[in-house]
Structures are given as structure tokens and as C-alpha cells.
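*Asks:* one predicted model, sequence on top.
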Amino acid sequence: MPEHPYTELWQGHILGRPEIEETLLQMARDRREAFERGGTYF
């Protein structure tokens with residue numbers, strides 16, 4: 001088990017893994033849409 005839930009995402013980003021990059025981009029899109037709809041992204 002990773003030390004932190006986002007450790008794998010961070011490592012994947014640093015290593016340039018395409019599937020991780022797409023996951024991070026989708027998270028950013030989802031948060032932007034949530035913010036635009038409701039004023040928060042949490």
C-alpha cells in the first residue's frame with residue numbers, strides 16, 4: 001500500500017505515464033466543472 005493515496009499519481013506524472021496524465025487531466029476537468037456549477041471543487 002502506498003504511503004499516501006496520491007503517491008502513485010505523483011510518480012506516474014513524474015515518469016510521464018500516459019494513463020496517469022489522462023487521469024490527472026480528467027480530475028482537473030471534473031473539478032473545474034464542479035466549481036463552475038457549485039462554486040467549490042471539493
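*Replies:* Yep, it's here.

*Asks:* need the strands for the protein, in chain order.
*Replies:* Taking DSSP state E, the chain contains no strands at all.

*Asks:* any idea how many residues pack against residue 22?
*Replies:* When neighbours are counted by other Cβ atoms under 10 Å, residue 22 registers 10. C-betas here are computed from N, CA, C, even on glycine.

*Asks:* now do the one 5 residues further on
*Replies:* When neighbours are counted by other Cβ under 10 Å, residue 27 registers 12.

*Asks:* same check, this time on residue 34
*Replies:* Residue 34: 13 neighbours (other Cβ under 10 Å).

*Asks:* against residue 17, how distant is it?
*Replies:* Distance of residue 34 to residue 17, given as Cβ to Cβ, to the nearest Å: 25 Å.

*Asks:* residues near residue 9, how many?
*Replies:* For residue 9, the neighbour count with other Cβ under 10 Å is 17.

*Asks:* so where's the longest helix in the chain?
*Replies:* For the chain, the longest helix by residue count, based on DSSP state H, is helix 18-38.

*Asks:* now do the helix or strand of the chain with the lowest mean pLDDT against helix 18-38, angle only.
*Replies:* Here the helix or strand of the chain ranked lowest by mean pLDDT, DSSP states H and E is helix 7-15, holding a mean of 88. Using axes from the mean of the first three to the mean of the last three Cα atoms, to 10 degrees, one finds that helix 7-15 and helix 18-38 are set 110 degrees apart in direction.

*Asks:* which positions in helix 7-15 come out as buried?
*Replies:* The neighbour-count check on helix 7-15 (16 or more other Cβ atoms under 10 Å) flags 9, 12 as buried.
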